[in-house]
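Trainee: Make a model of this:
(chains A and B)
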There are 2 protein chains.
Amino acid sequence: MTAVPKGFRLGGVYCGIKRYADKLDLSLLVSDRPCTAAGVYTTNLVFAAPVKWDRGLTPATDVRGVVINSGNANACTGERGDKDCRRMAELAAAVCDAKAEQMLVLSTGIIGEFLPLAKIESGIRDAAGKLGNDQAALTAAARGMLTTDTRHKVATRTITVGGNQATITGMAKGAAMIGPKMATMLAVVTTDAAVAPADAQRLLASTVDQTFNCISVDGHMSTNDTVLLLANGAASSVQLSGADLDAFALALFEVCEELAVAIPADGEGATHLVQVEVRGCRTREEARSIAKSVSESLLVKTAICGADPNWGRIVSAAGYAGVAFDPARVHLWVNDMHLYADGAPLGFDHDAASKSIKENRDTKILLTFGEGDESIRFWSTDLTAEYVRLNADYHT
Amino acid sequence: MTAVPKGFRLGGVYCGIKRYADKLDLSLLVSDRPCTAAGVYTTNLVFAAPVKWDRGLTPATDVRGVVINSGNANACTGERGDKDCRRMAELAAAVCDAKAEQMLVLSTGIIGEFLPLAKIESGIRDAAGKLGNDQAALTAAARGMLTTDTRHKVATRTITVGGNQATITGMAKGAAMIGPKMATMLAVVTTDAAVAPADAQRLLASTVDQTFNCISVDGHMSTNDTVLLLANGAASSVQLSGADLDAFALALFEVCEELAVAIPADGEGATHLVQVEVRGCRTREEARSIAKSVSESLLVKTAICGADPNWGRIVSAAGYAGVAFDPARVHLWVNDMHLYADGAPLGFDHDAASKSIKENRDTKILLTFGEGDESIRFWSTDLTAEYVRLNADYHT
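Mentor: Have a look, this model is predicted:
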């Protein structure tokens, strides 16, 4: 059971942006009081209108809500895209007695088409009449942001701060166009704790760095990637500090990690969720480079799809990551089976290793180096013929 | 008709490394006199024994030949791999009255298994008895280096230098594990012109940079990538200089470009050869980064597979290449159709664009920027369900 933090109401409806009425395509999230808001955005040079809008408004102290549409990314839409985005914020602001500048906007879907504003307007009105603060409302809002996802993604934690219980609840979308430094993934995390804007921005950035920036489905960074954090202080108006802030930071990390891992777990056409852990590097960024190289290698991804414990592809993908290391100190485990030690393959039971990959949806790759103490965990998917079919046929 | 340069004899045989006797798996190339030899190698930190061997010997003035096996890469095989590689060179040297250090070695195939030396020994003896200098011999040698390639790859040019005709002929293999900075691709270029070692090394490096380093099938750089150039001076013993050297450089470039493009054209499971041309960048490396990002985007590759003129995926892949540019000055053409201008999509005939992609095996993507005068051409493939099937099932 995932609780909605106090003072937030939300919902999701179908307004006709997507082709099929059994999908939802517009979500609205409203706080009954102004929120601290922080945002982390795509670093793609080609970024969508809502990214420009939100980036200009965060960090903030008086955000009232978020309006989200799926089915259309409002990206590569030029000045008209900017105007349409502002209009979307105005329409959402109107139904909750706020100013446009108090509404953040998220869009995801097809790039390069203009927003169907009439549909969005009716959707916002419809959603405003259905806002709730229960599980059903959260589910509807989480569904309204999906594109090719097969399931909605929510996560929650509660903490006790200053004698009060505070809740941190997030929802996310993403199943492809997922590469580190995020990808077509959107996430909104809400809390009824009170957090200072500078703390919110700093904690969100460091958390995203270790969660949403450690996932990859296809390495394609999107124009729309956004993670938002809204804190409204409805549980307690005292801004968190000291140990309370630390407890909040941990809960925020757990919520974001759960949401982040749920994205490759729902990767398009994927039959395996692949965790690549890299240890023994000089810096976390070097560990990330190696993990990314292994995670995004088509040959590694297809090997996992074929239940092939192909350590050669894994080790060679590490070798071209652009990170200096001593190959003679490399070890590799797949699903806890030691396949490679000190720069050479071990005699291992190939059939048992293959069986382990075949029978477990979760595949664990552990690579260790002898260069230092830094490590990272990274999540990815295998690559299947079904992924190709889905992405060859998506647009046309 | 592809001519073999004077003074070279070569051939290819089946010796049992591969499972199927209708494939060849061992090639031998011998020059009747010592050659200038240059080499360009994988920059993967995990490199195979033959890369270590050849790198230690080139540039050289007294190379007598090249022995090549397919089906086994002799990579990640540790000290025994080094010994096996030397033994392979010794065996080849023995059949042409040379020293081991005069024989270069190339291996390609499965990583992490030891070379079947008895088979290689009998293969070398067999090949030595069948060396020739005609088209059939060249074809056999070119076939002996293939792995998953569907066809052998040869190219030739002739030039007139100092009143003599000189020939430049190359053979190459590669169909996957192909990423810039080469990949599992091997190429051997031979010429009967006389070239100084320093010129050979410099020209080969700059040529590879613009040819074999401008192709990608899956972005996976291999442990074995090697391009060799052997010049024996059998057509004329006068070392090339001035305009003759320029003519040779151009012919070398043409041979290497033809071979390089033949690799993604034979890309595993590919239904399209995709040429990505990037113009208007500050440096060639920036142009290469953008071309690589577009070429390797799974979403671009699947879009081409699906005959989808999805400019959004192309432009967004350029946007995350790590190169600064003004998005408002970007233009995009696909198969000469202008899809995107000054940062926004044009109203184009989607059906006609899709039809053009569907009906042409060659797809041309042209991206222009407003940052400078540097450009690059890059070749890649689409990504198909067949590629996944081939690579999920290769090892097991």
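Trainee: alpha carbons only for contacts and neighbour counts from here, please
Mentor: OK.
Trainee: quick one: buried residues of the longest helix along chain A?
Mentor: Longest helix in chain A by number of residues (criterion: DSSP state H): helix A:242-265. Buried residues in helix A:242-265, counted by 16 or more other C-alpha atoms under 10 Å in any protein chain shown: A:244-245, A:247-265.
Trainee: was I right about residue A:378 contacting residue A:214?
Mentor: Yes - at 4.7 Å, residue A:378 and residue A:214 qualify as touching, with contact defined as C-alpha atoms under 8 Å.
Trainee: residues contacting whichever residue of the stretch 101-250 of chain A sits closest to chain B?
Mentor: Closest contact between the stretch 101-250 of chain A and chain B, by C-alpha to the nearest C-alpha, is at residue A:111 (5.5 Å). Shown in contact with residue A:111 (C-alpha atoms under 8 Å, 6 or more residues apart in numbering or on different chains): A:72-76, B:312.
Trainee: Which one (most neighbours) among the residues you listed?
Mentor: residue A:74 (32 neighbours; other C-alpha atoms under 10 Å in any protein chain shown).
Trainee: is it true that it touches residue A:106?
Mentor: No - the criterion here is C-alpha under 8 Å, and residue A:74 misses it with residue A:106 at 9.2 Å.
Trainee: where do the contact lists of the two overlap?
Mentor: Counting by C-alpha under 8 Å, 6+ apart, the common neighbours of residue A:74 and residue A:106 are residue A:50.
Trainee: what's the spacing between the residue of chain A most remote from its centre and residue A:309?
Mentor: Most distant from the centre of chain A: residue A:347, at 39.0 Å, with distances by C-alpha atoms, centre = their mean. With distances taken as C-alpha to C-alpha, to the nearest Å, residue A:347 is found 12 Å from residue A:309.
Trainee: Likewise for residue A:239?
Mentor: Applying C-alpha to C-alpha to residue A:239 and residue A:309 gives a distance of 50 Å.
Trainee: For the two, indicate the residue with more neighbours.
Mentor: Legend: neighbour count by other C-alpha under 10 Å for residue A:239 and residue A:309, higher for residue A:309 (28 against 15).
Trainee: okay, the more buried one: pLDDT?
Mentor: For residue A:309, the pLDDT comes out at 91.
Trainee: need the contact list for it.
Mentor: So residue A:309 contacts A:303, A:334, A:350, A:353-354, A:357 (C-alpha under 8 Å, 6+ apart).
Trainee: okay, now the domains of chain A?
Mentor: Following automatic domain parsing, chain A resolves into domains at A:8-265, A:273-393.
Trainee: Now distance to residue B:87 too, for those, in TSV please.
Mentor: Below are the domains of chain A laid out as TSV (distance: least, C-alpha to C-alpha, whole Å):
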stretch	distance to residue B:87
domain A:8-265	42
domain A:273-393	20
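Trainee: between the ones you listed, which one is nearest to residue B:371?
Mentor: domain A:8-265 (14.2 Å; C-alpha to C-alpha).
Trainee: ends of the closest one, how far apart?
Mentor: Start-to-end span of domain A:8-265 (C-alpha to C-alpha) is 28 Å.
Trainee: again, but for stretch A:304-319
Mentor: This stretch, stretch A:304-319, spans 19 Å end to end (C-alpha to C-alpha).
Trainee: can you check stretch A:229-245 too?
Mentor: Stretch A:229-245 has its terminal residues 15 Å apart, counting by C-alpha to C-alpha.
Trainee: ranges for the helices of chain A?
Mentor: In chain A, the segments counted as helices under DSSP H are A:49-57, A:78-94, A:117-128, A:135-144, A:197-210, A:242-265, A:284-296, A:298-305, A:311-319, A:350-359, A:385-393.
Trainee: ok, the residue nearest to residue A:23 when sequence neighbours are not counted - how many residues close by?
Mentor: Excluding its sequence neighbours, the residue lying closest to residue A:23 (C-alpha to C-alpha, 6 or more residues apart in numbering or on different chains) is residue A:14, at 6.5 Å. For residue A:14, the neighbour count with other C-alpha under 10 Å is 27.
Trainee: Please spell out which residues along the strand of greatest length in chain A are buried.
Mentor: The residue-count maximum for a strand in chain A (DSSP state E) belongs to strand A:26-41. Buried residues in strand A:26-41, defined by neighbour count with 16+ other C-alpha under 10 Å: A:26-31, A:33-41.
Trainee: Next, give me the two most distant ones among the residues you listed.
Mentor: The widest separation within the buried residues of strand A:26-41 (C-alpha to C-alpha) is 24.4 Å, between A:33 and A:41.
Trainee: now for the domains of chain A, which one comes closest to residue B:343?
Mentor: Nearest to residue B:343 among the domains of chain A is domain A:8-265 (6.7 Å), distances taken as C-alpha to C-alpha.
Trainee: so where is the stretch 151-300 of chain A shaky, pLDDT-wise?
Mentor: Residues of the stretch 151-300 of chain A that meet the criterion pLDDT under 70 lie in A:176-184.
Trainee: Can you tell me which residues in it are near chain B?
Mentor: A:177, A:218-223, A:297-299 (C-alpha under 8 Å from any C-alpha of the partner chain).
Trainee: which residues does the closest residue to residue A:16 other than its chain neighbours contact?
Mentor: Leaving aside its sequence neighbours, residue A:16 sits nearest to residue A:119 (C-alpha to C-alpha, 6+ apart; 6.3 Å). Shown in contact with residue A:119 (C-alpha under 8 Å, 6+ apart): A:15-17.
Trainee: which one among those residues gets closest to chain B?
Mentor: Nearest to chain B among those, with distances taken as C-alpha to the nearest C-alpha, is residue A:17, at 18.4 Å.
Trainee: The closest one reaches residue A:68, doesn't it?
Mentor: No - the pair residue A:17 / residue A:68 is not scored as a contact, 11.8 Å apart, by C-alpha under 8 Å.
Trainee: So which of these two has more stuff around it?
Mentor: Applying other C-alpha under 10 Å to residue A:17 and residue A:68 shows that residue A:68 carries more neighbours, namely 26 against 22.
Trainee: In this structure that one contacts residue A:30, no?
Mentor: No - the pair residue A:68 / residue A:30 is not scored as a contact, 11.5 Å apart, by C-alpha under 8 Å.
Trainee: roughly how far apart are the residue of the stretch 101-250 of chain A closest to chain B and residue B:49?
Mentor: Using C-alpha to C-alpha, residue A:111 is found at 47 Å from residue B:49.
Trainee: Name whatever forms a beta bridge with residue A:377.
Mentor: residue A:277 (DSSP bridges).
Trainee: Likewise for the one 4 residues further on?
Mentor: With DSSP bridges applied, residue A:381 shows beta-bridge pairing to residue A:273.
Trainee: That one: neighbouring residues, count only.
Mentor: Residue A:381: 32 neighbours (other C-alpha under 10 Å).
Trainee: Now residue A:331: closest residue in space, sequence neighbours ignored.
Mentor: Going by C-alpha to C-alpha, 6+ apart, residue A:331 has residue A:341 as its nearest residue, at 4.5 Å.
Trainee: List the contacts of the one you found.
Mentor: A:329-332.
Trainee: cool, and residue A:105?
Mentor: Contact analysis of residue A:105 by C-alpha under 8 Å, 6+ apart lists A:50-51, A:53-54, A:66-68, A:85, A:88-89.
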